[in-house]
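Asks: have a look at this fold, sequence not included:
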DNA sequence: CTGAAAGCGCTTACAG
DNA sequence: CTGAAAGCGCTTACAG
């Protein structure tokens, strides 16, 4: 078995210099047509594959992007990562993905690892309590884009759903159905984007003089379910429930079933985050869709602009959420009157 | 702004040679305690970060693993990727993830890209028609593990659910409930692992002299739904439906709802692949859980053994699926008699 | 347009 | 145990 051929072997085979081979392979057009063809033929004959590690060392560009994400079991993040990978790959980049499991300590370690691996930039979805350490871990020389879990004042360009407006619109919709006592179930109150959702919700409620019932529920699906079962057993129940993300929605659906709360007759349900299976639940669940395609595209645009040193006009992108009405939301029933069986 | 410090700068700062710094940072124990401490202190003062690209070039080890996957929107693959990333990261490796979108052509290109990036090994979930080109694309020098979509005779070590047995057990369970006409809905008949599921299903059915009704449905959720709606409108309906993966399950649930087929009274439903939201459907859907944790662990073990040159006793791991019984499967109803409302 | 030389920042034998 | 030298496989000025 022969050792892998190097660029030098190709140069010998094609009877040209090393530098010429390099030029051809990098697509430099200042190479005579005849030499280029000889080089390409030699590459074919030797079945040559370029060593990008060597190229990166010398050129100081790895053409690699790090993606730091809490986890990819959350469908929203999986979708985001998939889109970003496609965009990066189309642009000649490879992605290194690291998950943090919401642990800031681990996030910091993993960020160091991919910095040592010389990524050209990082796209990060911060961990729950990790926004503060981000700037010191990433440093100021590294192109970086914050996605989804933005902070009040991000030191880097950022992209997210316009959370305030999306929550505002969601609340307005429920209010328009006649609901006055509406609960917003939230599991990550320390996150700035959750804070924005709460603020949008409260704004709409106060404008309509409604009863804004913000509930902090447990982090996981199970914990959220248990918290909400408590809420449903209270005397003065809300007539509509707005869940702040897909984990809470999963918990809420379980709780509604366990407590035999009829949706939408006894309680309307509106979810933040739309997913395939929401359509299949009975009744199908109304939701606010986050424009994940657009978020990924904008994030990649901000990243490539930074890498190539192009100016960025608006570094903080907020994309509009979209209300999708299905069967889980309905006009508030007159009390004591049922509109039908589930 | 100073340039990034190099190992040379650290050596100067600590008044030792470059080689000694390298030894300390690589954890080589043949360095005097005093020198080691001086080196570490110097690293701290300069805030030094190693350049792993340079290390990789010289040592010919990138400590990077490529993961090739059709997509990560499929929850099964997302889970697999997440577990593999955690295992790799714990072992000092970083993962490069590339998606193929089921296109063999793109898979080939992406495999070439990560080979040029000098990954130490690749873990691959082949694309639909990509098993044939795999060996030529990957080559024989690259450590490789095939996961999930194994072929009849894989040239590399492989890990998957024991599909034959899992489907056999699933069919046996439905048979034990009294069903005799059972449909297996399949959307990727060309895949070897699907072939195994069909074979296991047919074996159980023929042993019980049942009517094994294998149906090829469309690839996507929508297409599968439409195919199945056709099945449900036929005169001689099966009394139980076994779906061969999560996409088909999504389509099947939609079709059952649209055609108002009552589950489980008119038809039992058993899904291959278990997911969180199956528990929330009404009725909750029985499923065969694929041991994804175990699959990831075995895949990583096979990978690290290859990288370190350790022998592999059994290169083709088949992990047992697990039947989870919920509400969507029930004893076959006497014809004409309903057991209750949905 | 082409080639010879230097060098990216490390690790690896090897000499002392 | 420590250091000086060579070299991993490329890209990048620079000379011709």
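Replies: Looks like it came in fine. Keep in mind that what you see is a predicted model, and the values were worked out from it rather than measured.

Asks: ok, now which ones touch the closest residue to residue A:289 other than its chain neighbours?
Replies: In this structure, residue A:289 finds its nearest non-sequential neighbour in residue A:274, 4.0 Å apart by Cβ to Cβ, 6 or more residues apart in numbering or on different chains. Heads up, the C-betas are built off the backbone N, CA and C, glycines and all. Going by Cβ atoms under 8 Å, 6 or more residues apart in numbering or on different chains, residue A:274 touches A:287, A:288, A:289, A:290, A:324.

Asks: near the nearest residue to the second one once chain neighbours are set aside, how many other residues are there?
Replies: In this case it means residue A:288. The shortest distance from residue A:288 to any non-neighbouring residue, by Cβ to Cβ, 6+ apart, is to residue A:321 (4.7 Å). For residue A:321, the count of nearby residues is 24 (other Cβ atoms under 10 Å in any protein chain shown).

Asks: and residue A:321, what does it touch?
Replies: Going by Cβ under 8 Å, 6+ apart, residue A:321 touches A:161, A:162, A:163, A:165, A:166, A:169, A:272, A:288, A:289, A:290, A:291.

Asks: quick one: average confidence on stretch A:122-137?
Replies: For stretch A:122-137, the mean per-residue pLDDT is 89.

Asks: off-centre distance for that stretch?
Replies: Once both centres are worked out by Cα atoms, centre = their mean, to the nearest Å, stretch A:122-137 turns out to sit 14 Å from its chain's centre.

Asks: related to what we said a few turns ago, give me the secondary structure label for the residue nearest to residue A:289.
Replies: The assignment at residue A:274 comes out as coil when based on DSSP: H, G, I helix; E, B strand; the rest coil.

Asks: please tell me how far it sits from DNA strand C.
Replies: Per Cβ to the nearest atom of the strand, to the nearest Å, residue A:274 is found 46 Å from DNA strand C.

Asks: likewise for residue A:99?
Replies: In terms of Cβ to the nearest atom of the strand, residue A:99 sits 25 Å off from DNA strand C.

Asks: again, but for residue A:188
Replies: Residue A:188 is 38 Å from DNA strand C, by Cβ to the nearest atom of the strand.

Asks: over to residue A:310?
Replies: 25 Å.

Asks: ok, residue A:153 - contacts?
Replies: Per Cβ under 8 Å, 6+ apart, neighbours of residue A:153: none.

Asks: please redo it, this time with the cut-off set to 10 Å
Replies: Residue A:153 makes contact with A:131, A:192, A:316, according to Cβ atoms under 10 Å, 6 or more residues apart in numbering or on different chains.

Asks: contact partners for the first one?
Replies: Each residue near residue A:131 by Cβ under 10 Å, 6+ apart is listed here: A:104, A:124, A:146, A:149-155, A:190-192.

Asks: just checking, which helix or strand of chain A averages the lowest pLDDT?
Replies: helix A:131-138 (a mean of 88; mean pLDDT, DSSP states H and E).

Asks: sheet partners, orientation included, of whichever helix or strand comes after it?
Replies: Under the assignment DSSP states H and E, the closest C-terminal helix or strand after helix A:131-138 is strand A:144-147. Counting by DSSP bridges, the strands paired with strand A:144-147 are strand A:121-124 (parallel), strand A:158-161 (parallel).

Asks: what's the mean pLDDT across strand A:144-147?
Replies: 97.

Asks: quick one, helices of the stretch 1-150 of chain A?
Replies: With DSSP state H, counting those that start in this stretch, the ranges of helices along the stretch 1-150 of chain A come out as A:7-14, A:18-25, A:33-46, A:52-59, A:75-90, A:104-116, A:131-138.

Asks: and for the stretch 201-342 of chain A?
Replies: Listed in chain order, the helices of the stretch 201-342 of chain A (DSSP H, counting those that start in this stretch) span A:221-232, A:246-258, A:292-308.

Asks: ranking these by burial, who's on top?
Replies: helix A:246-258 (a mean of 24; mean count of other Cβ atoms under 10 Å in any protein chain shown).

Asks: and chain B, is that helix touching that?
Replies: Yes: judged by Cβ under 10 Å from any Cβ of the partner chain, helix A:246-258 and chain B are in contact via A:246, A:247, A:249, A:250, A:251, A:252, A:253, A:254, A:256, A:257.

Asks: the third one contacts residue A:76, doesn't it?
Replies: No: using Cβ atoms under 10 Å as the test, residue A:249 is too far from residue A:76 to be in contact (11.2 Å).

Asks: so what sits against both of the two?
Replies: The contact lists of residue A:249 and residue A:76 share A:273, A:274, A:275, where a contact means Cβ under 10 Å, 6+ apart.

Asks: dump the residues you listed to TSV, plus distance to residue A:196.
Replies: Listed next are those as TSV, based on distance: Cβ to Cβ, whole Å:
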residue	distance to residue A:196
A:273	15
A:274	19
A:275	21
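
Asks: flag whichever of these scores worst on pLDDT.
Replies: residue A:275 (91).

Asks: need the contact list for it.
Replies: By Cβ under 10 Å, 6+ apart, the contact list for residue A:275 reads A:75, A:76, A:79, A:246, A:249, A:250, A:285, A:287, A:289, B:277.

Asks: okay, residue A:339: pLDDT?
Replies: On pLDDT, residue A:339 comes in at 43.

Asks: just residue A:224 next, same as before
Replies: 95.

Asks: not counting its neighbours along the chain, what's nearest it?
Replies: Closest to residue A:224 by Cβ to Cβ, 6+ apart is residue A:251, at 2.9 Å.

Asks: right, and that neighbour touches residue A:231 too?
Replies: No: contact criterion Cβ under 10 Å: residue A:251 and residue A:231 do not qualify, at 11.0 Å.

Asks: what touches both of those two?
Replies: Shared contacts of residue A:251 and residue A:231, counting by Cβ under 10 Å, 6+ apart, come down to A:185, A:217.

Asks: so where is the stretch 201-342 of chain A shaky, pLDDT-wise?
Replies: A:334-342 (pLDDT under 70).

Asks: who in it is up against chain B?
Replies: A:221, A:246-247, A:249-254, A:256-257, A:275-282, A:284, A:341-342.

Asks: count of neighbours near residue A:91?
Replies: Residue A:91: 13 neighbours (other Cβ under 10 Å).

Asks: if I pick it, what's in contact with it?
Replies: A:63, A:65, A:300, A:303, A:304, A:307.

Asks: and with 7 Å instead?
Replies: By Cβ atoms under 7 Å, 6 or more residues apart in numbering or on different chains, the contact set of residue A:91 is residue A:304.

Asks: now the one 3 residues further on
Replies: Contacts for residue A:94 (Cβ under 7 Å, 6+ apart) come out as A:63, A:64, B:96, B:113, B:114, B:117.
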